[in-house]
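# Let's see this in three dimensions:
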Amino acid sequence: MTIESTSPGDQEELREYRPLLDEVQALIEAGDYEAGISRLQKVARSSGSEALMRHLIELRVAAFPKMAEQVTPEPMFEANSLLGNAAAVHDRLNEDGYLFFRNIVPADILTALRDQITQILAEEGWIEGGAQRMLAKAIVRPLREGQPRFFKAHDRIIKLEALHSLAHETNLMTVLRQALGETVFPHPLSIVRLIFPDSPELATPPHQDFPNNQGTPNLTAAWIPLGDCAIQDGSLAIMEGSHKYGVLPLKFHLGAGNRRAILSEDVLACRWVGADFKAGDVVLFTALTVHKAMENFNLERMRLSVDFRYQLEGEALTAGCLQPHFNRVSWEDIYRGWTSDKLKYYWRTRKFEEVPWDSTLHELPEGHVDEAYEQQLAYNIALTRRKQGRASVDQS
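Predicted structure coming up:
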């Protein structure tokens, strides 16, 4: 974006910043959008110039697709052939940082849970109802974690008995015992992902689960799509072997969790792997394994998935892992109306070491509030222009 492309009033105000803007433009033309934006931020945030801030936001809008990870994942190794040999399953997880299994969870269980979730989303006005409901076709602008309308639906979904029961599904637990050990158990923290279409800026960025959960580094997640999920529909991607490089520093991102890992050169050398998933497929990965959501390029359908965390008895965990996701609804409220008492407070019979939460592992760098504000403004502009552009094409 050049001064000449701005309004006449902004052009006049920006003339005194011409050397700075030329420097920023040179960085961007060299392909380093991150350095260009960072250079402009240092002045724009302290200048008091509204024109300079508008220029910064416009650069951010243009930078979204330029700064996104251009990931073309290679195929995941399908580990079904290892089942029955616990040592081989365990060793493969330790080596690659993930395990991918086809057709583990019965499809009818996933369909039943998807039916309940989409019923709530339709009632809350997120998706089309009626005969199209199970397709989860979004009819509202993308909603983000933290927004009141997001929580209105999520607070209902988190109470579903079928969601929490899925973490204990028999076939899934059989696989986890081979991967981790006989005393493995799931955390009660059950997570549902409600990913909107046509919002690549909100795709969950590369990150590790350890800063969010902490406790044992042997903590292992199970990611399960609630229906077929191709790469182009926003499926999961893994950086194979990335768990070997420790806990990575963080910076702000608009996606789920509002944090992304800053990848070292060693981690960047790891290859991305992924798959077109079918209902019933499962991916396990360790708390230190870098992973991300692929951008959901489906223009209509939401991506619905769940993930659970597992560990062995005797290992460490933090108090937050024993709470409902976002800790907005009590266990008493969640359990009200359940048909069975079997899984209520089940973790109280398990042995584990509760350890303190280390806030330094979850902290964002100085200036992250300004960063969040600017990214949100730029995202709103990018989304609106994308919608308007498609509407113009449809009308022509």
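# Break this protein down into its domains, please.
Here the domain parsing of the chain from automatic domain parsing is 3-67+374-395, 74-361.
# Give me the sheet partners of the longest strand seen in the chain and which way each runs.
If you go by DSSP state E, the chain has its longest strand at strand 185-195. If you go by DSSP bridges, strand 185-195 pairs up with strand 303-311 (antiparallel).
# quick revisit: which of the domains of the chain sits closest to residue 368?
Comparing the domains of the chain against residue 368 with C-beta to C-beta, the closest turns out to be domain 74-361 (4.4 Å). (C-beta placed from N, C-alpha, C; glycine too.)
# could the domains of the chain be laid out in JSON lines, adding mean neighbour count?
Compiled in JSON lines, the domains of the chain are given as follows (neighbours: other C-beta atoms under 10 Å):
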{"stretch": "domain 3-67+374-395", "mean neighbour count": "15"}
{"stretch": "domain 74-361", "mean neighbour count": "18"}
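# Could you dump those domains into a markdown table with distance to residue 367 added?
Listed next are the domains of the chain as a markdown table, based on distance: least, C-beta to C-beta, whole Å:
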| stretch | distance to residue 367 |
| --- | --- |
| domain 3-67+374-395 | 8 |
| domain 74-361 | 9 |
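# Going by mean pLDDT, which of these comes out lowest?
In terms of average pLDDT, domain 3-67+374-395 trails the rest of the domains of the chain, at a mean of 84.
# Give me the nearest residue to residue 292, chain neighbours excluded.
Ranked by C-beta to C-beta, 6 or more residues apart in numbering and with sequence neighbours excluded, the top spatial neighbour of residue 292 is residue 206, at 4.5 Å.
# Regarding residue 44, what is its secondary structure?
With DSSP: H, G, I helix; E, B strand; the rest coil as the basis, the three-state label of residue 44 is helix.
# tell me the contacts of it?
When contacts are counted by C-beta atoms under 8 Å, 6 or more residues apart in numbering, residue 44 touches 52, 53, 55, 56.
# what pairs with the closest residue to residue 368 other than its chain neighbours across the strands?
Nearest residue to residue 368, sequence neighbours excluded (C-beta to C-beta, 6+ apart): residue 252, at 4.4 Å. Per DSSP bridges, the residues bridged to residue 252 are residue 259.
# Am I right that residue 252 is in contact with residue 371?
Yes. Between residue 252 and residue 371 there is a contact at 4.6 Å, judged by C-beta atoms under 8 Å.
# What is the helix or strand harbouring residue 93 packed up against?
According to DSSP states H and E, residue 93 maps onto helix 86-96. Where contact means 3 or more C-beta pairs under 8 Å, 6 or more residues apart in numbering; DSSP states H and E, helix 86-96 is packed against strand 98-101, helix 170-179.
# Can you say which of these is nearest to residue 231?
For residue 231, the closest of the helices and strands packed on helix 86-96 is strand 98-101, at 13.3 Å, according to C-beta to C-beta.
# Now the element after that closest one, going C-ward?
Next along the chain after strand 98-101, taking DSSP H and E as the criterion, comes helix 107-123.
# right, and residue 151 touches residue 325 too?
No. The pair residue 151 / residue 325 is not scored as a contact, 10.8 Å apart, by C-beta under 8 Å.
# Which parts of the protein are helices?
8-14, 18-29, 33-47, 50-67, 86-96, 107-123, 148-157, 161-166, 170-179, 210-213, 265-268, 331-335, 368-395 (DSSP state H).
# Could you dump those into TSV with distance to residue 135 added?
Output for these, formatted as TSV (distance: least, C-beta to C-beta, whole Å):
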stretch	distance to residue 135
helix 8-14	44
helix 18-29	40
helix 33-47	36
helix 50-67	27
helix 86-96	33
helix 107-123	8
helix 148-157	17
helix 161-166	19
helix 170-179	25
helix 210-213	31
helix 265-268	36
helix 331-335	28
helix 368-395	19
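# Can you check which of these gets nearest to residue 79?
helix 86-96 (6.0 Å).
# ok, back up a step: nearest to residue 42, out of the helices and strands packed on helix 86-96?
For those, proximity to residue 42 was assessed by C-beta to C-beta; strand 98-101 is nearest, at 38.9 Å.
# what's in contact with that closest one?
For strand 98-101, contacts defined as C-beta under 8 Å, 6+ apart pick out 76-80, 83, 89, 92-93, 175, 179, 238, 240, 273, 275, 281-286, 289, 291.
# repeat for stretch 354-363
With contact meaning C-beta under 8 Å, 6+ apart, stretch 354-363 is reached by 210-212, 214-215, 247, 250, 259, 316-320.
# Now distance to residue 114 too, for the residues you listed, in JSON lines please.
JSON lines is the format used below for those (distance: C-beta to C-beta, whole Å):
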{"residue": "210", "distance to residue 114": "29"}
{"residue": "211", "distance to residue 114": "30"}
{"residue": "212", "distance to residue 114": "25"}
{"residue": "214", "distance to residue 114": "31"}
{"residue": "215", "distance to residue 114": "30"}
{"residue": "247", "distance to residue 114": "34"}
{"residue": "250", "distance to residue 114": "32"}
{"residue": "259", "distance to residue 114": "28"}
{"residue": "316", "distance to residue 114": "34"}
{"residue": "317", "distance to residue 114": "29"}
{"residue": "318", "distance to residue 114": "30"}
{"residue": "319", "distance to residue 114": "31"}
{"residue": "320", "distance to residue 114": "27"}
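# now, which of those sits nearest residue 131?
So of the contacts of stretch 354-363, ranked by how close each gets to residue 131 (C-beta to C-beta), first place is residue 212, at 38.0 Å.
# Report the contact partners of the closest one.
Residue 212 touches 257, 259, 362, counting by C-beta under 8 Å, 6+ apart.
# Residue 275 too?
73, 75, 76, 100, 231, 235, 281.
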